[in-house]
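K.L.:
sequence and predicted structure are below.
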Amino acid sequence: MFPLPCSRRTFLRGSAAAAVGCAFEFGTRRAGARESLSLFAFVPVLERPQAFQDALVLALPGVEVTVFGRFVDFKSSMQGRAPDAALALGVSLEAAGVPIHLRGYAAGSATEEYVVLAKQGSQNTTLGVTDVVGRTALPAMVTRLLGLSEAPALQRVLKPADLLPLLQLDVAGGVIIPARHVVALRRTTELSLYVRRYSGAQLSRAALHFSQRPGTRETLLRNSLEVLPRVMGSTLGIDQWK
Amino acid sequence: MEVAPLPRQGPVWVHRWLLIAAMLWGIMGCHAEGAFRPSLDVRTANSPRRAQVPMVVVLSQNQRAVLPFQSALRAELAEDFDVWSCPIESAVDWPEAQRLIEEWRPVVVVLVDNPTAVLYRNWAANRKAPPAAILVMSAFVEELQPTIPNSVAVAFESPAVTSLVAVRSLLERRINRVGVLYREHFGNFIERQRRQLAEERITLVSESLTMRPSPAELRRGLRRLRREGVDALWVTNDNVLLSKGMLASVWLPFAERYPMPIVVGVPTLVGHQVHFGLYAAAPDIEALGVQTADLVIALSSRGYHADARQVLPPLAARTYVDWELARNLGAKPALKTNFDIVIGGDQGRKP
């Protein structure tokens, strides 16, 4: 037995105090964890995922934000440790099998136009697209979106920033993007590009799902998320929730 | 210019592969610090094999670098394929790997890195109908892929055009002419980049060097580029040109004397200890896993038969910028969020 640097009674008292302290600290942390609200986000934005996450964290103090880069991870996480809320395009929430409780609107519309930005003179018929619904559901989504009779050859990417390289490297002859992204993309490149419009090519804007747990959590989170259209409206393409 | 056949062993091959290994190490260091347990044995990560489900086997040497790649590949293919991994620490492990391939009979083998690809190539060459192979995270894929039967490859060097266009958008200065030094062996690679850059209205001004250039030859090459009036430099992933000695005696003094945007392919050359590279783009390992999954699906729709010659570019990159250098060169502050890793500056952002 090693010698104690103090009396046995003092040592026992000290140990008991430390144990109580640890238990209190642990309890506080658990209580804190219970109180913090959680949000999962999976939205294709022009910014890099880390920058998007930083902006969300800044806009939503007290909310634990997790940004996903791949639909498959978003879907499996939604099925596992469900968050208090999820922010994603309407099609992504539907593909993940969760209901939509609030829809993002811009200029009075809950949907936005998608176009094909194509490279002049390219013979490549493959279309580049950001994967927002998962590999297996993507061809059907694109076919519906563009009103085609059969699925085109697709090259999917994980984020909108990876679409321009598809054109630069001739992996695709055109890319499918929200019409509001055309100006930003054109500003970046000197490629000769043109816009192809498709009648009825609309997809739902960013939307919200709440886990609808009892108590005030949903109200708290709804209040927090009210700020998003104001502070991140241009990133998300929305000006209000309805 | 013709590129000489791939040397199976030799300084070029080894140097190039070492640089890629260093790049992988650098990416992993920044990519997910502390997220990986080096002791993790991926053999234990293989889920039970399902009956009638086709198998994809991943053969790799560098386990740490491969984990996010494998995780993405598994997640994307989980519904339709069993994805198993088989680590090959060295050539000693190859007979065991070979036995497993013969026993498992995978429809696709994913070859991660050059040493693994070379071991597999020797085995596949003696097979009547080897499985389809996808070569990733390797150097010299243009030369290596045609030597592996029934294979496709994804290059592991971000194309110059994506990097230079990103830098052009970032800076409030003209970038029309970009200089590059290369060893004569890599002429074809440079010509491909030149064509892609031309579409973006960027002129590539290139200077060929001998296969074993001295510091003086490299210095002369840089002076010639400067006389040609280049607006920026693109430094290729060539470990000979980027050796410690060349960096210290040629590149760094040049960068200090003539400040200009320098685009590199290795994240460790961007603002860690010295200000040299303004920007680096390295392949996104996770996205590469998704791209490989898509190739597996494409192969399955063609009965697992690959084209004779097919090397695809990596479709996504992780981007690194030295913000202090960028600010000095006239960066647009609003575009700071366009980069994955921002090093230095008032609000440096690291993972």
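P.N.:
Looks like it arrived, so ask away. Numbers count the residues shown, from 1 in each chain, chains lettered A, B, ... in the order given.
K.L.:
what about the residue in the stretch 201-350 of chain B positioned nearest to chain A, neighbour count?
P.N.:
Residue of the stretch 201-350 of chain B nearest chain A, by CB to the nearest CB: residue B:337 (3.6 Å). Heads up, the C-betas are built off the backbone N, CA and C, glycines and all. Per other CB atoms under 10 Å in any protein chain shown, the neighbour tally for residue B:337 reads 18.
K.L.:
repeat for residue B:50
P.N.:
10.
K.L.:
that one against residue B:82, yeah?
P.N.:
Yes - with contact defined as CB atoms under 8 Å, residue B:50 reaches residue B:82; the gap is 5.9 Å.
K.L.:
ok, back up a step: mind checking pLDDT for the nearest residue to the residue of the stretch 201-350 of chain B closest to chain A once chain neighbours are set aside?
P.N.:
In space, and not counting its chain neighbours, residue B:337 is closest to residue A:51: 3.6 Å by CB to CB, 6 or more residues apart in numbering or on different chains. In this model, residue A:51 is scored at 88, pLDDT.
K.L.:
tell me which parts of chain A are close to chain B?
P.N.:
Neighbours of chain B within chain A, by CB under 8 Å from any CB of the partner chain: A:47-51, A:54-55, A:69-70, A:72-73, A:76, A:131, A:135-136, A:155-159, A:161-162, A:164-166, A:168-169, A:171, A:187-191.
K.L.:
can you select the buried ones among those for me in PyMOL?
P.N.:
Burial among the residues of chain A next to chain B is assessed by 16 or more other CB atoms under 10 Å in any protein chain shown; the matching PyMOL selection reads:
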select buried, chain A and resi 47+48+49+50+51+54+55+69+70+72+73+131+135+155+156+157+158+159+161+162+164+165+166+168+169+171+188+189+191
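K.L.:
which of the residues of chain A next to chain B fall within helices?
P.N.:
Using DSSP state H, the subset of the residues of chain A next to chain B located in helices is A:49-51, A:54-55, A:72-73, A:76, A:164-166, A:168, A:187-188.
K.L.:
state the three-state secondary structure for the nearest residue to residue B:231 once chain neighbours are set aside.
P.N.:
The shortest distance from residue B:231 to any non-neighbouring residue, by CB to CB, 6+ apart, is to residue B:175 (4.6 Å). With DSSP: H, G, I helix; E, B strand; the rest coil as the basis, residue B:175 sits in coil.
K.L.:
any idea how far residue B:241 is from residue B:175?
P.N.:
Distance, residue B:175 to residue B:241, using CB to CB, to the nearest Å: 21 Å.
K.L.:
same question for residue A:207.
P.N.:
Distance, residue A:207 to residue B:241, using CB to CB: 51 Å.
K.L.:
could you do residue A:92 as well?
P.N.:
Using CB to CB, one gets 45 Å for the distance from residue A:92 to residue B:241.
K.L.:
looking at these two, which is more packed in?
P.N.:
residue A:92 (29 against 22).
K.L.:
quick one: average confidence on the helix or strand hosting that one?
P.N.:
Assessed by DSSP states H and E, residue A:92 sits inside helix A:90-95. For helix A:90-95, the mean per-residue pLDDT is 97.
K.L.:
which elements pack onto it?
P.N.:
Counting contacts by 3 or more CB pairs under 8 Å, 6 or more residues apart in numbering or on different chains; DSSP states H and E, helix A:90-95 is packed against helix A:71-79, strand A:193-204, strand A:206-210.
K.L.:
list the contacts of it.
P.N.:
Here helix A:90-95 makes contact (CB atoms under 8 Å, 6 or more residues apart in numbering or on different chains) with A:42, A:71, A:74-75, A:86, A:99-100, A:103, A:110, A:132-134, A:137, A:141, A:203-207, A:209.
K.L.:
go ahead and flag the most central residue of chain A.
P.N.:
With distances taken as CA atoms, centre = their mean, the residue of chain A nearest its centroid is residue A:42 (1.7 Å).
K.L.:
I'd guessed that residue sits against residue A:83; true?
P.N.:
No - look at residue A:42 against residue A:83 with CB under 8 Å: they stay out of range, at 11.2 Å.
K.L.:
need the pLDDT of the residue nearest to residue B:54 when sequence neighbours are not counted.
P.N.:
Spatial nearest neighbour of residue B:54, chain neighbours left out: residue B:107 (4.5 Å); criterion: CB to CB, 6+ apart. Looking at residue B:107, its pLDDT reads 97.
K.L.:
neighbours of residue B:107, how many?
P.N.:
Using other CB under 10 Å, the number of residues around residue B:107 comes to 16.
K.L.:
ok, and the closest non-adjacent residue to residue 133?
P.N.:
Defaulting to chain A. Residue A:133 sits nearest to residue A:95 (CB to CB, 6+ apart), 4.0 Å away.
K.L.:
can you look at chain B instead?
P.N.:
Nearest residue to residue B:133, sequence neighbours excluded (CB to CB, 6+ apart): residue B:151, at 4.0 Å.
K.L.:
so residue A:140 belongs to a helix, correct?
P.N.:
Yes - assessed by three-state DSSP, residue A:140 belongs to a helix.
K.L.:
in the helix or strand encompassing residue B:220, which residues are buried?
P.N.:
Using DSSP H and E, residue B:220 maps to helix B:215-227. Using 16+ other CB under 10 Å as the test for burial, helix B:215-227 gives B:218, B:219, B:220, B:221, B:222, B:225.
K.L.:
stretch A:104-123 too?
P.N.:
Across stretch A:104-123, burial judged by 16+ other CB under 10 Å covers A:104, A:105, A:106, A:110, A:112, A:114, A:115, A:116, A:117, A:118, A:119, A:122.
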